[in-house]
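A.B. asks: no sequence for this one, just the structure:
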């Protein structure tokens with residue numbers, strides 16, 4: 001039986017459901033402000049129902065606030081924002097899980113340019129804004145994998161909000177691709193001549209019989225971990241790949257849910 005369990009899912013869903021029943025809140029937002037050459041302001045946000053909104057105009061004419069809590073209130077008050085559609089239920093659940101797993105901490109801003117304007121991106125948890133990253137005149141990056149995934153999600157949801165994503169020295173670097181064994185901590189492990197097996201893990205029946213593989217799995221040979229997909233953990237319907245050395249001792253095991261690599265903090269994309 002397939003079951004996916006979000007880290008502290010029950011608490012998270014109860015909280016977000018209660019909020020949705022009372023009033024909408026902001027989950028994610030990104031804003032770009034250009035004060036050097038004009039007064040441009042762009043704001044994109046995702047609310048607790050998964051609705052995506054975009055507002056563009058002049059900061060001075062709209063009384064764009066400085067305080068984070070006042071900014072979320074400003075977004076919720078906009079009746080002239082453009083609705084860009086709604087996230088799927090699966091995407092919304094992943095978004096909420098990633099926000100829930102964000103650690104505390106404030107990335108340091110670094111000076112970068114002049115008159116480029118500044119983009120800032122935040123997640124909101126329990127009313128508090130958590131910095132994911134920023135670009136432009138100043139830049140910073142939250143290097144937590146959940147934060148990196150959310151920052152990238154904002155870039156994809158709001159391509160119209162200007163950022164300098166991908167420009168070296170002005171924006172976050174993003175998740176750095178790495179091979180599966182290295183990502184899983186097997187630095188320097190010699191897998192040459194190893195014997196590979198696979199077995200299916202069922203949440204009720206447990207681990208099934210191992211089947212020997214003729215060659216190493218393709219994801220091991222050339223796969224790269226490209227980023228965090230969600231903070232969900234699989235409790236069944238996963239595949240366990242194990243590599244044994246020439247003496248029959250296990251060198252390493254890897255768990256996959258479909259194409260996703262399962263780790264203690266969630267699941268990761270492998271390309």
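C.D. replies: Received the coordinates, thanks. Since we're looking at a predicted model, the values are computed, not measured.
A.B. asks: look at residue 62 and report its pLDDT.
C.D. replies: Residue 62 is assigned 86 on the pLDDT scale.
A.B. asks: give me the nearest residue to it, chain neighbours excluded.
C.D. replies: residue 41 (6.9 Å; Cβ to Cβ, 6 or more residues apart in numbering). For every residue, glycine as well, the C-beta is placed using N, CA and C.
A.B. asks: just list whatever residues bridge to that neighbour.
C.D. replies: residue 33, residue 57 (DSSP bridges).
A.B. asks: over to residue 255?
C.D. replies: Applying DSSP bridges, one finds that residue 255 bridges with residue 240.
A.B. asks: give me every residue that touches the residue nearest to residue 62.
C.D. replies: Residue 41 is in contact with 31-34, 55-59, 62, 64, counting by Cβ atoms under 8 Å, 6 or more residues apart in numbering.
A.B. asks: swap in 6 Å and give it another go.
C.D. replies: By Cβ atoms under 6 Å, 6 or more residues apart in numbering, the contact set of residue 41 is 33, 57, 59, 64.
A.B. asks: list the contacts of residue 136.
C.D. replies: 116-119, 164.
A.B. asks: scratch that, residue 77
C.D. replies: Per Cβ under 6 Å, 6+ apart, neighbours of residue 77: none.
A.B. asks: so how far is residue 26 from it?
C.D. replies: Remark: distance between residue 77 and residue 26 (Cβ to Cβ, to the nearest Å) = 11 Å.
A.B. asks: next one: residue 94
C.D. replies: Taking Cβ to Cβ, one finds residue 94 at 17 Å from residue 26.
A.B. asks: and for residue 177?
C.D. replies: 31 Å.
A.B. asks: same deal with residue 100?
C.D. replies: Taking Cβ to Cβ as the measure, residue 100 falls 15 Å from residue 26.
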